[in-house]
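Q: the sequence and its predicted three-dimensional model are supplied below.
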Number of protein chains: 4
Amino acid sequence: MKTVNLGVIGYGYWGPNLARNFFAANDCNLKAVADARPERLAVLAKVFPSVKGVKDANDIINDPEIDAVVIATSVFTHFPLAKKALLAGKHVMIEKPMTASVAEADELIELAIQKGLTLMVDHTFLYTGAVAKMKELIDSKEVGTPRYFDSSRINLGLFQPDVNVIWDLAPHDLSILTYLVGEKPASINATGISHTKNGIENIAYMTVNYDSDFIAHFNVSWTSPVKVRQTLIGGDLKMIVYNDLEPSEKIRVYDTGYNHKIEEYENKIMVDYRTGDVYIPKIGTQEALAGVANDFVQSIINKREPRANAQLGRQVVRILEASQVSIKNNGKEVCIR
Amino acid sequence: MKTVNLGVIGYGYWGPNLARNFFAANDCNLKAVADARPERLAVLAKVFPSVKGVKDANDIINDPEIDAVVIATSVFTHFPLAKKALLAGKHVMIEKPMTASVAEADELIELAIQKGLTLMVDHTFLYTGAVAKMKELIDSKEVGTPRYFDSSRINLGLFQPDVNVIWDLAPHDLSILTYLVGEKPASINATGISHTKNGIENIAYMTVNYDSDFIAHFNVSWTSPVKVRQTLIGGDLKMIVYNDLEPSEKIRVYDTGYNHKIEEYENKIMVDYRTGDVYIPKIGTQEALAGVANDFVQSIINKREPRANAQLGRQVVRILEASQVSIKNNGKEVCIR
Amino acid sequence: MKTVNLGVIGYGYWGPNLARNFFAANDCNLKAVADARPERLAVLAKVFPSVKGVKDANDIINDPEIDAVVIATSVFTHFPLAKKALLAGKHVMIEKPMTASVAEADELIELAIQKGLTLMVDHTFLYTGAVAKMKELIDSKEVGTPRYFDSSRINLGLFQPDVNVIWDLAPHDLSILTYLVGEKPASINATGISHTKNGIENIAYMTVNYDSDFIAHFNVSWTSPVKVRQTLIGGDLKMIVYNDLEPSEKIRVYDTGYNHKIEEYENKIMVDYRTGDVYIPKIGTQEALAGVANDFVQSIINKREPRANAQLGRQVVRILEASQVSIKNNGKEVCIR
Amino acid sequence: MKTVNLGVIGYGYWGPNLARNFFAANDCNLKAVADARPERLAVLAKVFPSVKGVKDANDIINDPEIDAVVIATSVFTHFPLAKKALLAGKHVMIEKPMTASVAEADELIELAIQKGLTLMVDHTFLYTGAVAKMKELIDSKEVGTPRYFDSSRINLGLFQPDVNVIWDLAPHDLSILTYLVGEKPASINATGISHTKNGIENIAYMTVNYDSDFIAHFNVSWTSPVKVRQTLIGGDLKMIVYNDLEPSEKIRVYDTGYNHKIEEYENKIMVDYRTGDVYIPKIGTQEALAGVANDFVQSIINKREPRANAQLGRQVVRILEASQVSIKNNGKEVCIR
């Protein structure tokens, strides 16, 4: 294949961004966009007069000239649409989170393998300059052995009517965690609270436990007066503070190891607050979604695995699913080994 | 009683601050300080030539001229020293946390009641201008019904050899929570990790659950490259951000209610990031420990209950104790009703 | 007139923003855009297929169906183009700064008056929520009598080949100063330095003096490693800090008067760092340029004076011109009374 | 000389800090402190019972056992006291600014040379870790050729009754400038405003011009609602932001050269906002005044020149004096070559 003919299903909040980036991607031809709402198709017609707007997703799934389908609908429709598209022989990219359950994810993965099709999840953050830099810092062992990952993603946000705040906000940070840290998680604890009558949590806390002494924690909220998008990643040699709200200085690397100091600590010798320089690496400013579009297209053409592959997407769903079990059982540990 | 004759036991890290403030307090006469280390007594002699230095705590406890004893030793000695002092008829203030267990706290409380003595805990933060302002904002109903309390207290800190990071850092925030919010907690979940061979957690997370839809969460760490001392308190009318590292602007009040907006949220109407003004109240800058000293002295003289009373101190120990049970049981909910 | 037929001259950096906003403005019909560069007209055709692209500005100026012309070309061409357009009976809006000299501004103003035409300058900042809020705070006397205006606009910026950094960056802040403060300036001092062979200053400092005890100062630079867009406005009752880089909290109002305290100061009584609360008013987030477009169109239709009127634009040029005289005379005071 | 016997004249705001540091300095014996106010001597007696308190400065100047005198009185008494002390054969350190005029400074310098005595000025900032780090960055040529120095020192400060805000606040930054940059200044422009009846400026701006294309600028104010202590130092290879209010991260080094880019700039090629990494060097946290005390004592003992020597102190006074002439002449350039 030289050029991928592509259709997008769903032209709501995120769909236009996907359409714009696939329209601009090399070796890609955005042929059609499906949305049941006439007013959304009207917007499409104005912005992309050359792209066909269709009401029914099946018109894309069954179009023999279309090679690949991007699904940007609500999470509960990901599975049926993706399954149909794979069965119809299309390569598929799904908006995050991949599916509403691990069982669904497994079925899609198996189907894609059987059919030899590319299956990818739009975990956009994996394509940012900041995450690329952190991957480099960890893979090069500059930060040493990772010891913890502590993320806060809170703001005054839209209450979702169908999924809780973990399903809404945590997939970003879970995809980053999964991408950066090789080790598989062992278990989950989650707690939270709902301030609405529907019982859907708008504040939640989650710990991800590992067999090693690594730990990850997530603080997510739709009801914070301040917006925070911050992750601390501690290694035994260096530590990273990743503040996604900083316009250009998103990553700070602290030359603050603590491995070799533990004996001193146990003897209660006072530790200096900063033990070395801090540096703020320059980070690429490309649009992450352009990287997503390009990776999907080139993975299809070159029959390679995309960065945000289905296994990574499934791992995120695995943790989300377990968090829900834990939260319903008052924070009880849920094993996911 | 017109003047309280007072002795301090322990002249290590915090003792000198206590001595300085009781030395300066009205209606108080700092008579003696006990510390087993000669070099500490030498420092005392230089700074307070008029105060007697003694090696043995019993010399203070058994001194018939001493009315009140302040105990600033390690947590495991709080109970035996305080018990002896109460039995000897002394009023007692104990460094936080009050005791190593609830049983110990209960025994001291009962003893103080029997003897008609003042029993107080040095929860210094309750005497800061910032906490006083938050108490005012909550008691006046300006923030409405409190819905959550979310605290982070992390930095590159001294690893304690005998207590974990929750016992070391959380008492500050737990005392603030207990002081500000009337409702009694129902249960605790805690998770954490130790990066040393002694198994003492240096990173931990704790959720405090309530019978209402209020929730509290604590993030404590000795291994963060950045120092954070921040608490969010959300009410349904307003929200408070309390940043203790700000030199003068510690409290920000956001006119950001969400109670009356929930219907809109459920219909997915986008919420504006800030819905009203923010204001930063002017806060008194008195030294908190001077307030502690004064409250202890005046509570003795006027036979009144101090702000940081023993019941509040016991409640903090109750949560600490439960957190340890939960953490050892992999985050299992521990009921404390 | 019910609808204004409008043409834009110049489709470079700012022209597309003007076109977009006039295209969307009520009672306005964007008919044509002129740019000598074919590649710019190609971009125009893609974005606004319904708008005519012409190579020659005269095709707009002489088009009898066009009522109003927007000039977004380099500053040295503002005067000849605007003069031609006014002579042809068109209403005119000019990109800031209005002209390259006061003489030019005066000639355009006189011509507009003679012909009964609207003449406006695109001082976009006057239409931001932040400036509107400051205008309100000053006009309502909440800040008391203004005493100083201190502005910094520095970053790592593009070196202009034909105008110095004052002409490039100061017009924003000078328009805000002129809009907020009624008093006319009396004189100018300016200093600066050029780090290029062409002798055009890339760093400059300017003081604007008044007959009263009000003072204004401007710090502009193309060579700062950090971006600063901050203005302090001190009144004798309150003070404003305007930080344009803050996403939502652009304005902070300090309840920090000093008028009534001066006697104390002279007796050397120490002043508390903050003497009252700070508040951060909520600010409208409308796009400023939409307000510019709307004001131009409605000023034409209703024969009223626009906010960013020609007199204000001329005042800005008056100061810019004087700054250049001062800077060439080593900072000598230049009277502009 | 093995030990320096030392007396301090003036025990007001700064004197206690000087006394404390000379008391603790090696090879130094703080013998006496003079202050005319009995209540100040009472404080002295409490803190340093071993140090003699005297009412009359002459009792120190004429004490044959005293080798060195530290003068911490108001600026107008620096010259007569220092002259007397030098004539009496004492080594002298004077609080900054050194004297009220260059003529006075010159007379003291000549006298010290004639008598072979150490003459030093307490420019404390030269002994901070931050300034030491900047000196290292500049002397090692890491920042390249310095091109500008831009300092802001503003806050809500005490109005001085006898000197203006430049004399009060600028000496700190002028001493740093003089220490860091070898080139001698050529001329001064200064402007300002007084908001009190005494005509003493509480806001002022000063440009220091050089024969090269280096420039320095100072913004000082006693009437800012926010406290700023920031200096930008631009070299053609790197740039430094020095924020003295940061508790530990006072220095940021931007890898942002612009020398080699000027040709591109002239062709209007857009410059990226940050062109490289930023790093925050670890800085020593010793008390600066301990370094001052030590340097004075060791310079006397080893007959060497102190860092904050009299020539540097005189250079600061030279600029202060010229600023006053310029400000009185409406910002006119004052040559100081």
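A: That came in fine, so what should we check first?

Q: ok, now which ones touch A:Pro225?
A: The contact partners of A:Pro225, by C-beta atoms under 8 Å, 6 or more residues apart in numbering or on different chains, come to A:156, B:232, B:234, B:239, B:241, B:254, B:256, B:274. Heads up, the C-betas are built off the backbone N, CA and C, glycines and all.

Q: hang on, it in a helix?
A: No. Using DSSP: H, G, I helix; E, B strand; the rest coil, the assignment for A:Pro225 is strand, not a helix.

Q: closest one of the contacts of A:Pro225 to A:Asn294?
A: A:Leu156 (33.6 Å; C-beta to C-beta).

Q: run through who's touching stretch A:28-44.
A: Contacts of stretch A:28-44 (C-beta under 8 Å, 6+ apart): A:3-12, A:15-16, A:19, A:22-23, A:48, A:51-57, A:59-60, A:63, A:65-66, A:293, A:297.

Q: so how far is it from its chain's centroid?
A: Distance, stretch centre to chain centre, for stretch A:28-44: 24 Å (C-alpha atoms, centre = their mean, to the nearest Å).

Q: also stretch A:245-256?
A: On C-alpha atoms, centre = their mean, the centre of stretch A:245-256 falls 21 Å from the chain's centre.

Q: got the contacts of A:Pro225 as JSON lines, with pLDDT and secondary structure columns?
A: Listed next are the contacts of A:Pro225 as JSON lines, based on pLDDT from 0 to 100; DSSP: H, G, I helix; E, B strand; the rest coil:
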{"residue": "A:Leu156", "pLDDT": "87", "secondary structure": "strand"}
{"residue": "B:Leu232", "pLDDT": "97", "secondary structure": "strand"}
{"residue": "B:Gly234", "pLDDT": "95", "secondary structure": "strand"}
{"residue": "B:Met239", "pLDDT": "95", "secondary structure": "strand"}
{"residue": "B:Val241", "pLDDT": "96", "secondary structure": "strand"}
{"residue": "B:Tyr254", "pLDDT": "93", "secondary structure": "strand"}
{"residue": "B:Thr256", "pLDDT": "82", "secondary structure": "coil"}
{"residue": "B:Arg274", "pLDDT": "46", "secondary structure": "coil"}
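
Q: grab the nearest non-local neighbour of A:Ile327.
A: Nearest non-adjacent residue to A:Ile327, counting by C-beta to C-beta, 6 or more residues apart in numbering or on different chains: A:Ala190, 4.5 Å away.

Q: near A:Val297, how many other residues are there?
A: A:Val297 has 26 neighbours, counted by other C-beta atoms under 10 Å in any protein chain shown.

Q: ok, it - contacts?
A: Residues counted as contacts of A:Val297 (C-beta under 8 Å, 6+ apart) are A:4, A:6, A:22, A:25-28, A:68.

Q: picking up where we left off before, most neighbours out of the contacts of A:Pro225, which is it?
A: When neighbours are counted by other C-beta under 10 Å, B:Gly234 leads the contacts of A:Pro225 with 29 neighbours.

Q: re earlier: any of the contacts of stretch A:28-44 buried? List them.
A: By neighbour count, with 16 or more other C-beta atoms under 10 Å in any protein chain shown, the contacts of stretch A:28-44 hold A:4-11, A:15-16, A:19, A:22-23, A:48, A:51-54, A:57, A:59-60, A:63, A:66, A:293, A:297 as buried.

Q: so which of those are in strands?
A: If you go by DSSP state E, the buried ones among the contacts of stretch A:28-44 have A:4-9, A:52-54 in strands.

Q: mean confidence for stretch A:327-337?
A: If you average the pLDDT over stretch A:327-337, you get 96.

Q: name the residues that touch that stretch?
A: Under the contact criterion C-beta under 8 Å, 6+ apart, stretch A:327-337 has outside partners A:164, A:166, A:184-192, A:201, A:204, A:209, A:211, A:318-319, A:322-323, A:325-326, B:187, B:189, B:207, B:209, B:330-333.

Q: from the contacts of A:Val297, which two are the most distant?
A: A:Asn26 and A:Ala68 (14.2 Å).

Q: the two: which has the busier surroundings?
A: More crowded of A:Asn26 and A:Ala68, by other C-beta under 10 Å: A:Ala68, with 25 against 11.

Q: roughly how far does the residue nearest to A:Lys55 when sequence neighbours are not counted sit from D:Leu169?
A: For A:Lys55, ignoring the flanking residues on the chain, the nearest one in space by C-beta to C-beta, 6+ apart is A:Ala36 at 5.7 Å. Using C-beta to C-beta, to the nearest Å, A:Ala36 is found at 67 Å from D:Leu169.

Q: between those two, which is the more surrounded one?
A: Shown here are A:Ala36 and D:Leu169; by other C-beta under 10 Å, D:Leu169 has more neighbours (24 against 13).

Q: with adjacent residues omitted, what lies nearest to that one?
A: D:Leu169 sits nearest to D:Val220 (C-beta to C-beta, 6+ apart), 4.3 Å away.

Q: need the three-state assignment for that neighbour.
A: Following three-state DSSP, D:Val220 is assigned to strand.

Q: ok, back up a step: and of the contacts of A:Pro225, the nearest to A:Lys141?
A: Among the contacts of A:Pro225, B:Leu232 lies closest to A:Lys141 (C-beta to C-beta), at 35.9 Å.

Q: how about that closest one, what does it touch?
A: With C-beta under 8 Å, 6+ apart, B:Leu232 has these contacts: A:154, A:224-226, B:148-151, B:239-242.

Q: what about it, distance to A:Ser194?
A: According to C-beta to C-beta, B:Leu232 and A:Ser194 sit 18 Å apart.

Q: before we move on, what about A:Tyr11?
A: 31 Å.

Q: for A:Ser50, what are its contacts?
A: Contacts of A:Ser50 (C-beta under 8 Å, 6+ apart): none.

Q: mind doing that once more with 10 Å?
A: A:Ser50 is in contact with A:23, A:29-31, counting by C-beta atoms under 10 Å, 6 or more residues apart in numbering or on different chains.
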